[in-house]
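Visitor: With the input below, show me the fold.
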Amino acid sequence: GGAVMGNLINIISYNLPNDYYDTYPSKLRGLSTKDIQDAAKKVVYPNNLVWVVVTDKSKVEAGIKDFGYEVNYIDGDGNLIK
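Guide: The predicted structure is shown next:
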């Protein structure tokens, strides 16, 4: 019920057509790679991304550092480990 209510709220809030969710999948399937790349260029700024990697540090640390980005470690509560 909550998902249906959320969809109805979106339709009303954003003045979407009543069949928005019925036609949405076919619209996505109709996108070309170029369409997606053009949209990404408008909203994705790689220099502002933050990657969060949760894994066994001993297995991936060297590979991650090879990317050349700053690497910080945090504990389970989000506190920076120095």
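
Visitor: What is the least confident helix or strand in the protein?
Guide: Least confident helix or strand, the chain: helix 57-65 with a mean of 88, by mean pLDDT, DSSP states H and E.

Visitor: Asn79: what's it in contact with?
Guide: Not one residue lies near Asn79 by Cβ atoms under 8 Å, 6 or more residues apart in numbering. C-beta: built from backbone N, CA, C; applies to glycine.

Visitor: and it, what are its phi and psi?
Guide: Dihedral pair for Asn79: phi -80, psi 140, per degrees, to the nearest 10.

Visitor: Can you get me a residue count around Gln37?
Guide: Residues near Gln37, counting by other Cβ atoms under 10 Å, number 10.

Visitor: Could you check how far it is from Pro46?
Guide: Noted for Gln37: a distance of 13 Å to Pro46, by Cβ to Cβ, to the nearest Å.
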